[in-house]
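Visitor: Give the three-dimensional model of this entry:
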Amino acid sequence: MNKKQIFFTIVILVIAGITSWFTWHIIKISSKTHIDQPHNPDSIIINATYTQMDANGNIHHIIHTPKLVHYSYQDATTFQNPDITIINAIGNPWHITADKGNSQYGTTIINLLNNVRLHQAASANNSELTITTVAATIYAHKKYITTANPVTVKKPGIIITAVGANAYLDKKNINLLSQLKEQYDPEKK
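Guide: Sure, this is the predicted structure:
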């Protein structure tokens, strides 16, 4: 091989190396940019069940959903038909359902939307109680749920409507905020 062919081969190899490096760098940047976009999920889970334990190893709450979509951007999650069970020391557990839900930065704060229903079955310590609203925010680690929307509270023999509520599920303390109306429910005696 003469010097001209060696020089030409080295130039081709350098160009190929630089092109490969630029291609790799562009793919790396575009992949990361794609993943970090708010509308691009990084995982989808079907029939997910998440169980949170307390410091003593007892079940604190359980979140079940037929479909969970997670986004790495702000650790956001959307839930389809979430079914949340809050375990408490007083009475039966609370079951909270909705048509959809979402959260950011884990499951500390979950926003529930459309047909939100809180239900506690009757037990020796309490009578049956159902609360419905259109949207609510649940702080599962605090066993607390709040809404500024209209709510309906049903207990045996009584229906109460109000606008806004704060419910401390562990203490069974429900504060209705305004426009309270109570009526007798003839179906429940």
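Visitor: And the next helix or strand past the helix-or-strand element of the chain with minimal mean pLDDT?
Guide: Every helix and strand of the chain was ranked by mean pLDDT, DSSP states H and E. The lowest is helix 3-35, at a mean of 74. Once helix 3-35 ends, the next helix or strand along the chain (criterion: DSSP states H and E) is strand 43-53.
Visitor: Following the record's annotation, map out the domains of the protein.
Guide: 1-35, 43-184 (automatic domain parsing).
Visitor: Need the winner for burial among those domains.
Guide: Mean neighbours per residue, mean count of other Cβ atoms under 10 Å, is largest over those for domain 43-184, with a mean of 16. Backbone N, C-alpha and C define where each C-beta goes, glycine included.
Visitor: what's the span of it from first residue to last?
Guide: By Cα to Cα, to the nearest Å, the extent of domain 43-184 from end to end equals 48 Å.
Visitor: For it, what is the distance to the chain centroid?
Guide: Put simply, domain 43-184 sits 11 Å off its chain's centre (Cα atoms, centre = their mean, to the nearest Å).
Visitor: State the mean pLDDT of it.
Guide: For domain 43-184, mean pLDDT rounds to 88.
Visitor: change the start of the numbering to 40 and stick with it
Guide: Yes, from this point I'll number from 40; that puts the last item at domain 82-223.
Visitor: thought V173 was touching R156?
Guide: No. If you go by Cβ atoms under 8 Å, V173 and R156 don't touch, sitting 10.8 Å apart.
Visitor: residue ranges for the strands of this structure, please.
Guide: Under the criterion DSSP state E, the chain contains strands at 82-92, 98-110, 115-119, 122-125, 133-136, 139-142, 149-159, 168-178, 183-194, 197-207, 212-223.
Visitor: The third one versus strand 82-92: what angle between them?
Guide: An angle of 90 degrees separates the directions of strand 115-119 and strand 82-92 when computed by axes from the mean of the first three to the mean of the last three Cα atoms, to 10 degrees.
Visitor: what does strand 115-119 rub up against?
Guide: With Cβ atoms under 8 Å, 6 or more residues apart in numbering as the test, strand 115-119 has contacts from 77, 102, 104-110, 139-143, 146, 149.
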